[in-house]
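1. Please work out how this folds:
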Amino acid sequence: MRANEIDLVQYGSDDTKTHRKIKHILGAKHHDKVGRLLCNELYTVGQGGWSGFPPHKHDTDRLPDETRHDETYNYRFKPNNGFGFQMFQQVDDKVGKAEHIIDGSTIMIRTGYHPCVVAPGYEMYYFTILGGLSQRSLVQFFQPEHAYQVETIPGIKDMIAKYK
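-> The predicted model follows:
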């Protein structure tokens, strides 16, 4: 992969605690070359904050609202004693669970809403692989009670568009 073949997107802000940089390694520029696979590197910018927010899911094929994509994350932290939490919520209005993540953790996500957070004082990197079960383009469904936040996070719509 050459640098000019990678899409770079920054979105969020320090104020919203959602500041991220995403390198789309197999992104929109490779739409017709790699089947139904998407690969990205995601970085929290600054120290601490949310990723995958507003809570979203992609576990059901129901166009135009959502597509089914399984996803795997591998996490790294700076410094490497950093940590965070990967959240999982299967049903709206029900308590979900959170899994403690450390440097080297790998998690597979098949269903449910799944934002994650890194503790203050640490930076989080994670490599993601998404496999579309019926198509390559990803359509994320944002949890209805938090979906309005798409309008409040700078640049998030550009980020969403890069998953096509």
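2. and Ile156, how many neighbours?
-> The burial count assigned to Ile156 is 21, neighbours taken as other CB atoms under 10 Å. All C-beta atoms are positioned from the backbone trio N, CA, C, and that covers glycine.
3. ok, it touching Val9?
-> No - counting by CB atoms under 8 Å, Ile156 does not reach Val9; the two are 9.5 Å apart.
4. Got the confidence number for Asp15?
-> Confidence at Asp15, expressed as pLDDT, is 87.
5. Oops, could you answer that again for Glu5 instead?
-> With respect to pLDDT, Glu5 scores 81.
6. how many other residues sit next to it?
-> Glu5 has 13 neighbouring residues, counting by other CB under 10 Å.
7. and the gap between it and Gly131?
-> Noted for Glu5: a distance of 20 Å to Gly131, by CB to CB, to the nearest Å.
8. Check Gly35 too.
-> Gly35 is 9 Å from Gly131, by CB to CB.
9. got it, and Leu37?
-> Look at Leu37 and Gly131: by CB to CB, they are 6 Å apart.
10. Quick one: residues contacting the most centrally placed residue in the chain.
-> Note on the chain: the residue nearest the mean C-alpha position is Gly52, at 4.3 Å, using CA atoms, centre = their mean. Residues in contact with Gly52, defined by CB atoms under 8 Å, 6 or more residues apart in numbering, are His114, Pro115, Cys116.
11. Since that was my last question, I'll sign off now.
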